[in-house]
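Student: Only the shape, not the letters, is given here:
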């Protein structure tokens, strides 16, 4: 320990201008120490004569401290130290060499021997990687080149265009023939469908125009000119080149049966390469992978002596400089592997392989020809499909229009035809905005017309979750007439179902073939209003039922203000009612209070927080007065 260290590192930190560096002999080397620097600052110490250097960081106490061991420095050598932007030098004093290990029986190893062993083993592992994977990868690489060359060569011979090939022309001709027949059938189908639809609509419009006018409909038939641009075929997506190559996977694998490595190869991915890539060798982690493979012997090979050597030099009970030796071995192994693997790998993998290249070339040209035929077929099919569909459409449109027109005329002449329906469902006692469970409901028709020539009765009913269905009701309309804006109010068609408060529930009005949907809801305004009517008991029971359902599911702060509980909504509604209506609620307040039971005991309050919830609920009940 030098003088500054013995008197305290604090002095060096406080008075850096007085700091001096000392180099002292230590076990098997020389130690340099100087204090007075900023903690964590990077430093480098270099032996001028050998250019050997050691890097590190200033210690928390502000000192540069490093040791040159095993002959890396000797008396008379000059040590240059750089600490951040500062620089100084010290010379190892002359005299006796640094002492050896304190335990004469514990030898040190020469780092140069360690690094040579590591380098030899890294080269051996690189050779194993190439030996194990290289042959298969050579085939895959040459296959990749062949695939791309095959596709490119086919396009090149066709002036870089599929359209210039015989395969494209043959596909186009086949597509034309099949598209012509299919397009004609599609045009006929469209002509019949649209002609029939339009003919029926045209006939109905004549009867609609005659409603409430006291005249017969104009049934002069005028078939409008059909405006049809032709049918478009649905052919789906053209399969890509790389997907076609993947379809040939089994064919390719039969040529690679001796390479187990290819069992799961995605040949589509091979074709997509912009350049050859193999993660095992080209990946950023490759030297780490190689190091682990060497240690675990996962690549085989007879090198147990090397593993034993590494174990010995890494064992501090057998080697004096074990830490330094172990670190040097790993570092040299990885750097050597990183240095040699690329050349070894590329030399093996990129070697010419005529078999793989020829296979790739054949498959590439084959899929390119297939692509050309498919593109030609698609173009020919689309062109003839659309062209043939137009005359087919026109050939049947007019007759389909006339037949549908005549059929619709017969229908209107012999039936009640309900049209232009507008209506709503109402609570017969509360009106359209107030619904109370059990109240009768009916339908009001604001607008309805009969576009048929016959006079007749029209049935009206309701269905859906919001209604308990009753008997259908009916009303009568003259032929070619409407209600002329006078609402039609029917007798009750059902009752309001037992639905939860403040939830929208659908009711559907059924008028002939027409359906009108409407949402209804029960709220506390309608309930409080109903408490003053006969049958008060059923509404009290309804309130208790849904308040109890909420209470059983509630927890924590469910009854705090602003949580919009049913009880809070009841109290808020109550305050907005007239004095006579508030009296109706006040009369049943104590009965409603029974929903919330007795005050929770001490243990229940502590462990479930029920006491808070109970008090909040009681506060709302108290407002019902």
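Tutor: Happy to help now that I have it. Please read these numbers as outputs of a predicted model, since none were measured by experiment.
Student: In the chain, where is pLDDT below threshold?
Tutor: 1-21, 26-28, 70-71, 94-105, 155-161, 255-285, 430-433, 534, 601-610 (pLDDT under 70).
Student: Go through it and flag its longest helix.
Tutor: helix 354-413 (DSSP state H).
Student: Who are the packing partners of that helix?
Tutor: The contact analysis (3 or more Cβ pairs under 8 Å, 6 or more residues apart in numbering; DSSP states H and E) places helix 354-413 against helix 111-157, helix 166-210, helix 241-247, helix 249-255. All C-beta atoms are positioned from the backbone trio N, CA, C, and that covers glycine.
Student: For residue 344, which of the ones you listed is the nearest?
Tutor: helix 111-157 (5.0 Å; Cβ to Cβ).
Student: what angle separates that closest one from helix 166-210?
Tutor: In terms of direction (axes from the mean of the first three to the mean of the last three Cα atoms, to 10 degrees), helix 111-157 departs from helix 166-210 by 70 degrees.
Student: quick one on the thing from earlier: kindly calculate the angle that whatever helix or strand comes next after the longest helix of the chain makes with helix 166-210.
Tutor: Using DSSP states H and E, the helix or strand that follows helix 354-413 in sequence is strand 418-427. Interaxial angle of strand 418-427 relative to helix 166-210 (the same axes, to 10 degrees): 70 degrees.
Student: got the contact list for stretch 468-483?
Tutor: Applying Cβ atoms under 8 Å, 6 or more residues apart in numbering, the external contacts of stretch 468-483 come out as 207, 210-213, 217, 416, 420, 440, 442-443, 445, 447-463, 488, 490-497.
Student: Among those residues, which are located in strands?
Tutor: 420, 440, 442-443, 445, 447-450, 456-463, 488, 494-496 (DSSP state E).
Student: Derive a PyMOL selection command for the buried subset of the residues you listed.
Tutor: Selection of the buried residues among the ones in strands among the contacts of stretch 468-483 in PyMOL, burial being defined by 16 or more other Cβ atoms under 10 Å:
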select buried, resi 440+442+443+445+447+448+449+450+458+460+461+462+488+494+495+496
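Student: returning to what we had before: out of the helices and strands packed on helix 354-413, which is closest to residue 509?
Tutor: Closest among the helices and strands packed on helix 354-413, using Cβ to Cβ: helix 166-210, at 21.3 Å.
Student: so what does that closest one touch, helix or strand wise?
Tutor: Contact here means 3+ Cβ pairs under 8 Å, 6+ apart; on that basis helix 166-210 packs against helix 354-413.
Student: switch to 10 Å and redo it
Tutor: helix 354-413, strand 418-427, strand 440-450 (3 or more Cβ pairs under 10 Å, 6 or more residues apart in numbering; DSSP states H and E).
Student: Residue 539 is nearest to which of the ones you listed?
Tutor: That would be strand 418-427 among the helices and strands packed on helix 166-210, by Cβ to Cβ, at 13.3 Å.
Student: Just want the angle from that closest one to strand 440-450.
Tutor: Going by the same axes, to 10 degrees, strand 418-427 makes 160 degrees with strand 440-450.
Student: Buried ones in strand 418-427, by neighbour count?
Tutor: Neighbour counts over strand 418-427 (16+ other Cβ under 10 Å) mark 418, 419, 421, 423, 424, 425, 426, 427 as buried.
Student: again, but for stretch 178-185
Tutor: Residues 179, 180, 182, 183, 184 are the ones in stretch 178-185 that count as buried (16+ other Cβ under 10 Å).
Student: and that stretch, how far out from the chain's middle?
Tutor: Taking Cα atoms, centre = their mean, to the nearest Å, the mean C-alpha location of stretch 178-185 is offset from the chain mean by 41 Å.
Student: All further residue positions should be reported with the first residue as 47.
Tutor: Renumbered: residue one is now 47, and that last one reads stretch 224-231.
Student: Show me what that stretch is in contact with.
Tutor: Applying Cβ atoms under 10 Å, 6 or more residues apart in numbering, the contact partners of stretch 224-231 are 232, 276-279, 281, 423-439, 441.
Student: Buried among the residues you listed? Make that a PyMOL selection.
Tutor: Per 16+ other Cβ under 10 Å, the buried members of those correspond to this PyMOL selection:
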select buried, resi 232+276+277+279+423+424+425+426+427+428+429+430+431+432+433+434+435+436+438+439
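Student: what about the closest residue in space to residue 264 that isn't next to it in sequence, how many neighbours?
Tutor: Closest residue to residue 264 apart from its sequence neighbours, by Cβ to Cβ, 6 or more residues apart in numbering: residue 252 at 5.6 Å. Neighbourhood size, residue 252 [other Cβ atoms under 10 Å]: 19.
Student: Same check on the one 4 residues further on?
Tutor: When neighbours are counted by other Cβ under 10 Å, residue 256 registers 20.
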